[in-house]
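# Pasting a predicted model and its sequence here:
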Amino acid sequence: MDFSIKPLDAKNGYATFKTGCIAVAVFDDKTLSAAAKALDSKGEIQAALKSGDITGKPGSALLLRNLSGIAAERVLLVGLGKPGAITEKDFTSALQATARTFATLGGGDAIVALPFDSVAKRDANWAIHCFILAARDGAYRPDTMKSKKEPVTGGVKKIAFAIDTKQAASARETVAQAIATANGIELTKELGNLPANVCTPTYLANTAKKMAREFKLTAEILDRKQLQALKMGSFLSVTNGSVEPPKFIVLKHSGGKAKEAPIVLVGKGITFDSGGISIKPGAAMDEMKYDMGGAAAVLGTMRAIAEMNLPLNVIVVIPACENMPSGSATKPGDIVTSMSGQTIEVLNTDAEGRLVLCDALTYVERFKPALVIDAATLTGACITALGHHNSGLFTRNDDVHDALANELLAAGKAAGDTAWRMPIEDSYQEQLKSNFADMGNIGGPAAGSVTAACFLERYTRKYTWAHLDIAGTAWKSGAAKGSTGRPVPLLTAFLLGRAKAAKAR
Ligand code: BES
Ligand code: MN
Ligand code: ZN
């Protein structure tokens, strides 16, 4: 799919655009957007609205052919709801309807001429970004493992956005950024959807190495021996039952000044979570191939920002392994020593995410990070709390962390990849008490996602840190089973914001 900008000026108006299809907006009070008016010299669009063929409700669509006096072959009327300041939600429905119709049209090219400038609190760049992500999302097929791919029939391959000449340069930058973000999301989806017998820790490590070659990043992969030397007893205890070797992945993008402290992204990389000796029930256990969703998302985010060559120093860190039962597996009650020196009583081997993350969170201290964000499919309890709409966002409660939380929440909102803040408080820490070790790895049935975050908090006291529990958002179950690519949009928007601030400095 190819995206570009079609500059609008006095000479090049909507009616002169030679294209397979031009998409314009109509409203639910039967009025036309400026672009629709420009194509309606003979009143044909007005007549379609009057006839009731299209309501103008958000997301409604009607395709017309051979309108008089215009160069475009087809006009796609798209409903945008109420005229005036258009809500984000209505605009998104219209974009999705447009992308969906484009995907079914006879091949060729199309122009989107929606009122990008009329979205409440957002600008044209936001609208273009949304459109590109929606179109790429609709075009993705999880068919890598199918022996016969369904042939792609029809669909518009080249899409241009009609934008005033004055805004064309910034819109072009937006197009490039949105394509990079879509490429990152696609990598994340692909890694998530691949089965655990293909997407192993070694496969994730090779993906990082490949990215390093393609985007001039540096990749370092630590193996079991090196992890033993680092005394990552907690991480290694999770790998005990598995024959797949663990990998600890470090991938660096050095786009900022040499002395600038890096932003570190840590991703949970459990390529299959059987639960270990505390084995999970069989139903839907296949979905535990998605337990590397955090790892996939930080790699996808890296792919996006490396393609954009953002002027930031960013380091991705992934503890990757399987969680399997066997005669050599860690047993409930075993006590392990983490890299930080803190001892952990493994009361449930299925609470393995925190066990791999805590050592990664200690390891990243060496980078003297500006901040650390981890993303993890950490707890079923987070799904109980927030469902599948919001990722859980956890930080400490001081000024620095409140500011970081707000920045992440705003990035998620802008990117349509939202998070909701959850508490970290000392009162919950008490649930992690162990009679025999410094802490247990579970905090009982109450507030499971909070106690998991409290566990991680104990390993992050040397830097600014945020935790995203993406258990409910990283993939979909049921008929539409598949990776969502979240939270790549949130993380990428956050880093884009940081890059903008860095440039302004
Ligand atoms: N990977 C799971 C969390 C998970 C479960 C994500 C279902 C998405 C859907 C994690 O390792 C886990 O098993 N957590 C346990 C923790 C419990 C034993 C304290 C859970 O949530 O049940
Ligand atoms: Mn588990
Ligand atoms: Zn897990």
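That came in fine, so what should we check first? Ligands and ions are numbered 1, 2, ... in the order given.

# what comes up buried for stretch 457-475?
457-460, 463-475 (16 or more other CB atoms under 10 Å). To be clear about C-beta, it is placed using only N, CA and C from the backbone, and glycine gets the same treatment.

# so, in contact with ligand 1 or not, it?
Yes - contact of stretch 457-475 with ligand 1 (CB under 6 Å from any ligand atom) involves residue 471.

# Mean confidence (pLDDT) on that stretch, please.
Confidence for stretch 457-475, expressed as mean pLDDT, is 99.

# now swap in stretch 177-185 and tell me
98.

# Return the alpha-carbon coordinates of it using PDB.
The C-alpha trace of stretch 177-185 is given here as PDB (Å, rounded to 0.1, in the frame of the first residue of the first chain):
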ATOM      1  CA  GLN A 177       5.800   8.500  10.500                       C
ATOM      2  CA  ALA A 178       2.500   6.700  10.100                       C
ATOM      3  CA  ILE A 179       4.000   4.200   7.700                       C
ATOM      4  CA  ALA A 180       6.900   3.500  10.100                       C
ATOM      5  CA  THR A 181       4.400   3.100  12.900                       C
ATOM      6  CA  ALA A 182       2.300   0.700  10.800                       C
ATOM      7  CA  ASN A 183       5.400  -1.300   9.900                       C
ATOM      8  CA  GLY A 184       6.200  -1.500  13.700                       C
ATOM      9  CA  ILE A 185       2.700  -2.700  14.500                       C
END
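
# number of nearby residues for residue 113?
Neighbourhood size, residue 113 [other CB atoms under 10 Å]: 29.

# so it touches residue 35, yeah?
Yes - judged on CB atoms under 8 Å, residue 113 makes contact with residue 35 at a distance of 4.0 Å.

# State the helix or strand in which residue 5 lies.
strand 2-8 (DSSP states H and E).

# That strand packs against which elements?
strand 158-164, helix 168-193 (3 or more CB pairs under 8 Å, 6 or more residues apart in numbering; DSSP states H and E).

# want to throw the ones you listed into a markdown table with distance to ligand 1?
Shown next, in a markdown table, are the helices and strands packed on strand 2-8 (distance: least, CB to the nearest ligand atom, whole Å):
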| stretch | distance to ligand 1 |
| --- | --- |
| strand 158-164 | 35 |
| helix 168-193 | 12 |
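
# Just say helix, strand or coil for the residue of the chain found nearest ligand 2.
For the chain, the residue positioned closest to ligand 2 under CB to the ion is residue 350, at a distance of 3.9 Å. Three-state call for residue 350 (DSSP: H, G, I helix; E, B strand; the rest coil): coil.

# Could I get the contacting residues of it?
273, 275, 276, 278, 279, 280, 323 (CB atoms under 8 Å, 6 or more residues apart in numbering).

# Just the helices from the stretch 101-250 of the chain, written as ranges.
Ranges of helices within the stretch 101-250 of the chain are 124-139, 168-193, 201-215, 224-229, 233-239, based on DSSP state H, counting those that start in this stretch.

# how about these in CSV, adding mean neighbour count?
Output for the helices of the stretch 101-250 of the chain, formatted as CSV (neighbours: other CB atoms under 10 Å):
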stretch, mean neighbour count
helix 124-139, 22
helix 168-193, 21
helix 201-215, 18
helix 224-229, 13
helix 233-239, 25
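
# So which bits of this protein are right by ligand 2?
Residues of the chain lying close to ligand 2 (CB under 5 Å from the ion) are 273, 350, 352.

# Return only those of these found close to ligand 1.
Within the residues of the chain next to ligand 2, those near ligand 1 by CB under 6 Å from any ligand atom are 273, 350, 352.

# contacting residues around the residue of the stretch 51-200 of the chain found nearest ligand 3?
The nearest approach of the stretch 51-200 of the chain to ligand 3 comes at residue 196, 12.1 Å away (CB to the ion). Listed by CB under 8 Å, 6+ apart, the contact set of residue 196 reads 271, 272, 288, 289, 322.

# mean confidence for the helix or strand encompassing the second one?
Think residue 272. Applying DSSP H and E as the criterion places residue 272 in strand 269-273. The pLDDT scores in strand 269-273 average 99.

# and the helix or strand following it, does that touch ligand 1?
Per DSSP H and E, the first helix or strand lying C-terminal to strand 269-273 is helix 293-308. No - Helix 293-308 does not reach ligand 1 (CB under 6 Å from any ligand atom); its nearest approach is 8.5 Å.

# does helix 293-308 come close to ligand 3?
No - shown here: helix 293-308 not in contact with ligand 3 (CB under 5 Å from the ion), separated by at least 9.7 Å.

# Which other helices and strands does that helix contact?
helix 168-193, helix 201-215, strand 247-254, strand 263-267, strand 313-323, strand 371-376, helix 488-504.

# Leaving out chain neighbours, which residue sits closest to residue 29?
Of all residues not flanking residue 29 in the chain, residue 83 sits nearest, at 6.4 Å (CB to CB, 6 or more residues apart in numbering).

# ok, back up a step: how about the helices and strands packed on strand 2-8, which one is nearest residue 42?
strand 158-164 (20.9 Å; CB to CB).

# quick revisit: what sits closest to the residue of the stretch 51-200 of the chain closest to ligand 3 if chain neighbours are left out?
Closest to residue 196 by CB to CB, 6+ apart is residue 272, at 3.7 Å.

# Equivalent analysis for residue 300, please.
residue 188 (3.2 Å).

# and the one you found, what does it touch?
293, 296, 297, 299, 300, 301, 483, 485, 488.

# What distance do you get for it to residue 408?
Look at residue 188 and residue 408: by CB to CB, to the nearest Å, they are 18 Å apart.

# Pull up the residues of the stretch 301-450 of the chain that are close to ligand 3.
Residues of the stretch 301-450 of the chain lying near ligand 3 (CB under 5 Å from the ion): residue 353.
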